[in-house]
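Peer 1: turn this into a structure:
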Amino acid sequence: HIEWFTGGKLNVSYNCIDRHLPQHKDRVAYYWEPENPQQTALKITYQDLKDHVCRLANGLKSLGVKKGDRVTVYMPMIPEAVYALLA
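Peer 2: Next up, the predicted model:
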C-alpha cells in the first residue's frame, strides 16, 4: 500500500503566478497564438496574468463561489480560459 502526498495541498495559482512575480513581473508568462491569422498574437506577462486572474477570482467570490465549490469552465482556447482555470 503506497501513498503519495498524503494530506498535501497544492496551490496551482501560486505556483504558476505568485512565486514568479517578485523577480519576473514584466516577463512573459505565456504567449497566446490565435487560430485566426487575422487576430493578433498576445504576450501575457506575469503581472497581466495576476491582474486578470484576481479580477475573475473576485468576480466569482462576489457571486458566492467559495472554497470547495465546483465550477465548470467551458470555453475556447483563448486567454480568458487560462484566467478562469487559475481563478
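Peer 1: how about the strands in the chain?
Peer 2: 28-32, 42-45 (DSSP state E).
Peer 1: residue 65: neighbour count?
Peer 2: When neighbours are counted by other CB atoms under 10 Å, residue 65 registers 14. (Glycine included, C-beta is placed from N, CA and C.)
Peer 1: quick one: pLDDT of residue 44?
Peer 2: Model confidence at residue 44, given as pLDDT, is 97.
Peer 1: now the biggest helix by length in the chain - C-alpha only, PDB.
Peer 2: Counting residues, the longest helix found in the chain (DSSP state H) is helix 46-62. Provided in PDB are the C-alpha atoms of helix 46-62 (Å, rounded to 0.1, in the frame of the first residue of the first chain):
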ATOM      1  CA  TYR A  46       3.100  37.500 -15.100                       C
ATOM      2  CA  GLN A  47       1.700  40.800 -13.800                       C
ATOM      3  CA  ASP A  48      -1.000  40.800 -16.500                       C
ATOM      4  CA  LEU A  49      -1.800  37.200 -15.700                       C
ATOM      5  CA  LYS A  50      -2.100  38.000 -12.000                       C
ATOM      6  CA  ASP A  51      -4.300  41.100 -12.600                       C
ATOM      7  CA  HIS A  52      -6.800  39.100 -14.800                       C
ATOM      8  CA  VAL A  53      -6.900  36.100 -12.500                       C
ATOM      9  CA  CYS A  54      -7.500  38.300  -9.500                       C
ATOM     10  CA  ARG A  55     -10.300  40.100 -11.200                       C
ATOM     11  CA  LEU A  56     -12.000  36.900 -12.200                       C
ATOM     12  CA  ALA A  57     -11.500  35.300  -8.800                       C
ATOM     13  CA  ASN A  58     -13.000  38.300  -7.100                       C
ATOM     14  CA  GLY A  59     -15.900  38.200  -9.500                       C
ATOM     15  CA  LEU A  60     -16.500  34.500  -8.600                       C
ATOM     16  CA  LYS A  61     -16.400  35.400  -4.900                       C
ATOM     17  CA  SER A  62     -18.900  38.200  -5.400                       C
END
